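compute the structure for the input listed below.
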Amino acid sequence: MEMAGKQDAPTAVAVVGPDGLLSGWSEGARLLLGWTAQETVGRPVTDLLADPPPPGFPEGYGAGPDPTGFIPLRHRDGSTLDAVVAAHPLFGPDSRVLGHALTIQRWGRRPVIADRAFEQSPFALGVYDPHLRFLWINASSARVIAHTEEQVLGKAYREVLPEFDRTLFPERDDKPYTDALAQVARTGEPMRLITVFQPRGSNYANAWATSIWPVRDAEGRVRAIANWGFDMSAEYWARQRLLLLNKASGGIGRTLDVIGTAQELADTPVPGFADLVTVDLFDEVLRGEEPPSVSAFGPGETIALSRAAQHSANEDTGRAPGPTTSVGHPPGSVAARCMATGRSTVQLAAEPGEGGEWAFGPGLAADPAHWPPDNPVIDESLAADGLTGRITVPLRARGALLGVVAFSRLDRPEAFTADDLILAEELTAKAAVAIDNARRYSRERTTALTLQRSLLPQGLPSQEAVEVASRYLPAGTGAEVGGDWFDVIPLSGARVALVVGDVVGHGLHASASMGRLRTAVRTLADVDLPPDELLTHLDDLVLHLASDLQATGDFQPTGESGATCLYTVYDPVSRRLTLASAGHPLPLIISPDGTRSPVPAHPGPPLGIGGLPFEAAELELPEGSLLTLYTDGLLESRERDIDEGIAALHTVLNRSTTSLEALCDTVIDAMLPERRTDDAALLLARTRALDPRHVADWEVEPDTAQVPRARKFAVDQVDAWGLEEAAFVTELVVSELVTNAIRYGEPPIRLRLIRDTSLICEVSDASNTAPHLRRARAFDEGGRGLLLVAQLTQGWGTRHTTNGKTIWCAQSLPEPEPH
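The predicted structure follows:
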């Protein structure tokens, strides 16, 4: 197509004589091809052709049903012009052909009104030859590339618009557009694409929707590539805002961690929306406490916050240094005003110019949104900080002010728009709720952890039956505290109970339930019940707890009122381990030679089911056996099932180490992933065997005449152990206990002395009747025996066995002097 001057003479005319020489040349021909009449008249017409002349040219050219033909012509500037040529014979008076009049039109021309319609189109229109040389562009396209039609016609695209270094100017990358032009020329298939690039003469990257299609001649050959495009920046950036909000929906609030959520807010809008984002929070929010009111700060007082998160597109500034950095917002600052008023503020570095454009770039002039009151604020001081704009938004959730967020643009020239303000407020509101949730969770988690740690053993008690080490690790950040627990309980007869359990559910309820169960286990252990009976009583307790919760309306319909428990008792005298499980994994037992010892038991039902029995098992262990008690949080993993977890634990436990404490650390490091979703408890115990020389027993005949012999047996044994200072008390308690067994018990009767950390005296008989301590009246002849035993020893008690009962008492022994 032609500019205005050419549109007045749309058709070129040339006259060719019978000899093939040009004898006439019109002004339209000069405008179209650049040659003057002086340069063409008298020359062969074939000199105008860019290619060899077609057959019958010009006499027979254009004959037949289609009176026109396509011919490439040479322009005076050396370029090629695709033209439609028609040859019209000129007749003399005698009807003899005197020559031909050739009408020449640029190929594809339309009437002048159509030319003007395309020329004045607001869309960018252009036509290229198959080698991507400009054939025509309209005024809109000329503005986009900052060149006139005369400057580009006949030139290759890259000759006019050299390719930018995409590593230095990524926003100016028009390579996808030229690649698409070349593909259409090569394949003949139309294409549509959206490109984002910075036009020549603009500081602003536009989004363009472009359609490209091939232009074919009558034979179907691709003779040109046409395209049209329009600036869809406003629509494109609106879509990008929606995509950013969608990204925020999945990217903000993924964890229940205050600083982590703040960093997610800082990371999400960079670099698509802003170049620098800072998130400042009150210290109380970071600690999980209630945030202060802004009214608590005096009129001239600086508001102290902590920089919880920061993200910059500039690698030098990057993220916030360290977990938190103290920052202060002085009175009268934009951040202080935003927090005081609860309203956002937009600062721009320059005034808008004519046509809605900004002094530093066109911005989004097509954005239809309107600014809220008092926005934007023109702040020339931003330029000194290298900023072109900043949006400051108070961070509020559920009526509480948590802090403030700032979205800044550094090098980009696009001005913030009212739609950008809406986006910033939406991002901040979403993050505020997530941060407040994390704050509340942090407070509850801290409370639950404090409660749980207070309920767990603060130190393992002294006993000689086993060497023990333990670890408890709460779930990772973002998961609630569970109800895992463990315990080591010294029992009579130098025995020890090892316990591990897990309450179903998480949170304060689970921690409180764990405390109740641990207390109940210790109480039942003091009664010295066998493991299966102890679990039966514990099962009843869990059922009662569930009933109490249901009666008070606190019952969880999800069934989070059950628990699992493993209760084991080890006797270092007999080296026998007795155990029972209520739905809990059985212990892993490794012999001193490294082999795994099978446990002849099956876990019973979890606590809280009711009505089902628990199975007790007993096995003898070699001295130095390793017992491993754990909760399922130690083995659970997405990468392995429970059997693979047990195999992995066995492998880790077989690693040689002289310290159980070191082995605990090795197990924790090897078995637990970084992001734990459940609590984990681990209790390791290496068995010891009591020296047979420290145990003495004697069968007592059921005759009171045997009491003096029992006393002498006990005193002789105590003297043999070098404990002469304990002989007097031992003689008294043996006399009382043996006498009671003969009078009120049933044979067989046995007396046993054990020298451990204390001196233990046990009298067993076959009666299930348990003695009880009572206050003797002044004239009573009996009833003072057990009172005497209780006064002379540091502890006494009764434990029932399958064959009767055992009465025991223990005397403290002096600590051995260091060598």
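
for stretch 25-34, output the C-alpha coordinates as CSV.
C-alpha atoms of stretch 25-34 as CSV (Å, rounded to 0.1, in the frame of the first residue of the first chain):
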residue,chain,number,x,y,z
TRP,A,25,5.8,6.6,-18.8
SER,A,26,3.1,8.0,-16.5
GLU,A,27,3.6,9.9,-13.2
GLY,A,28,2.0,7.0,-11.4
ALA,A,29,4.7,4.8,-12.8
ARG,A,30,7.3,7.1,-11.4
LEU,A,31,5.7,7.2,-8.0
LEU,A,32,5.4,3.4,-8.0
LEU,A,33,8.8,2.3,-9.3
GLY,A,34,10.9,5.5,-8.8
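
run through who's touching that stretch.
Residues outside stretch 25-34 that contact it (Cβ atoms under 8 Å, 6 or more residues apart in numbering): 2, 5-6, 9-15, 35-37, 40-41, 48, 73-77, 81, 83, 104, 106. No exception for glycine: its C-beta is placed from N, CA and C like everyone else's.

list the buried residues of that stretch.
W25, S26, G28, A29, R30, L31, L32, L33 (16 or more other Cβ atoms under 10 Å).

from the residues you listed, which is closest to R750?
Distance to R750 across those (Cβ to Cβ) is lowest for L32, with 129.6 Å.

mind checking pLDDT for that closest one?
pLDDT for L32: 88.

ok, now the one 5 residues further on?
Reported pLDDT at A37 in the predicted model: 91.

can you tell me which residues contact L538?
L538 makes contact with L517, A520, V521, L524, C565, A582, L607 under the criterion Cβ under 8 Å, 6+ apart.

before we move on, what about P214?
V184, A185, G188, E189, P190, V222, A224, I225, A226.

show me where the stretch 651-800 of the chain has strands.
Assigned by DSSP state E, counting those that start in this stretch, the strands in the stretch 651-800 of the chain fall at 680-687, 695-700, 749-755, 758-765, 795-801.

cool, the stretch 351-500 of the chain as well?
According to DSSP E, counting those that start in this stretch, the strands that the stretch 351-500 of the chain contains are 377-378, 389-397, 400-409, 466-473, 483-490, 496-503.

residue boundaries of the helices in the stretch 601-750 of the chain?
Under the criterion DSSP state H, counting those that start in this stretch, the stretch 601-750 of the chain contains helices at 642-653, 660-671, 707-720, 727-744.

what does the stretch 101-250 of the chain give?
Going by DSSP H, counting those that start in this stretch, the stretch 101-250 of the chain shows helices at 112-119, 139-145, 149-152, 157-160, 175-187, 233-251.

export these to TSV and tack on mean neighbour count, mean pLDDT and distance to V334?
Formatted as TSV, the helices of the stretch 101-250 of the chain follow (neighbours: other Cβ atoms under 10 Å; pLDDT from 0 to 100; distance: least, Cβ to Cβ, whole Å):
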stretch	mean neighbour count	mean pLDDT	distance to V334
helix 112-119	15	69	49
helix 139-145	19	87	38
helix 149-152	16	88	48
helix 157-160	15	87	46
helix 175-187	16	91	40
helix 233-251	15	82	23
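
tabulate those in JSON lines, adding columns for distance to A274.
As requested, those are exported to JSON lines (distance: least, Cβ to Cβ, whole Å):
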{"stretch": "helix 112-119", "distance to A274": "40"}
{"stretch": "helix 139-145", "distance to A274": "28"}
{"stretch": "helix 149-152", "distance to A274": "38"}
{"stretch": "helix 157-160", "distance to A274": "34"}
{"stretch": "helix 175-187", "distance to A274": "25"}
{"stretch": "helix 233-251", "distance to A274": "10"}
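
which residues touch the closest residue to F197 other than its chain neighbours?
Sequence neighbours aside, D174 is the residue nearest to F197 in space, at 4.7 Å (criterion: Cβ to Cβ, 6 or more residues apart in numbering). Going by Cβ under 8 Å, 6+ apart, D174 touches L161, E163, F164, T195, F197.

now do G611
Per Cβ under 8 Å, 6+ apart, neighbours of G611: none.

now D697: how far from E615?
30 Å (Cβ to Cβ, to the nearest Å).

so what are the domain limits for this structure?
4-106, 121-231, 236-445, 456-687, 693-812 (automatic domain parsing).

burial check on H75, number of neighbours?
Around H75 there are 16 other residues, counting by other Cβ atoms under 10 Å.

from memory it sits against D82, does it?
No: H75 is beyond contact range of D82, at 10.7 Å (criterion: Cβ atoms under 8 Å).

circling back to that earlier point, which ones among the contacts of L538 map onto helices?
L517, A520, V521, L524 (DSSP state H).

spatially, what comes nearest to the second one if we skip its sequence neighbours?
Translated: A520. L541 (5.2 Å).

the last one now?
Closest residue in space to L524, ignoring its immediate chain neighbours: L534 at 4.8 Å, by Cβ to Cβ, 6+ apart.

ok so, going back, so which of the helices of the stretch 101-250 of the chain gets nearest L421?
When the helices of the stretch 101-250 of the chain are compared by Cβ to Cβ, helix 233-251 sits nearest L421, at 11.0 Å.

can I get the closest one as CSV, trimmed to CA atoms?
The C-alpha coordinates for helix 233-251 follow below in CSV (Å, rounded to 0.1, in the frame of the first residue of the first chain):
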residue,chain,number,x,y,z
SER,A,233,-1.1,-4.6,28.0
ALA,A,234,-4.0,-3.7,30.3
GLU,A,235,-5.7,-7.0,29.7
TYR,A,236,-2.5,-8.9,29.9
TRP,A,237,-1.4,-7.3,33.2
ALA,A,238,-4.9,-7.9,34.6
ARG,A,239,-4.5,-11.5,33.8
GLN,A,240,-1.1,-11.5,35.4
ARG,A,241,-2.6,-10.1,38.5
LEU,A,242,-5.1,-13.0,38.6
LEU,A,243,-2.3,-15.5,38.0
LEU,A,244,-0.3,-13.9,40.9
LEU,A,245,-3.3,-14.2,43.2
ASN,A,246,-3.7,-17.8,42.2
LYS,A,247,0.0,-18.3,42.9
ALA,A,248,-0.5,-16.7,46.3
SER,A,249,-3.4,-19.0,47.1
GLY,A,250,-1.0,-22.0,46.8
GLY,A,251,2.2,-20.3,47.9
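
show me what that helix is packed up against.
strand 206-216, helix 418-455 (3 or more Cβ pairs under 8 Å, 6 or more residues apart in numbering; DSSP states H and E).
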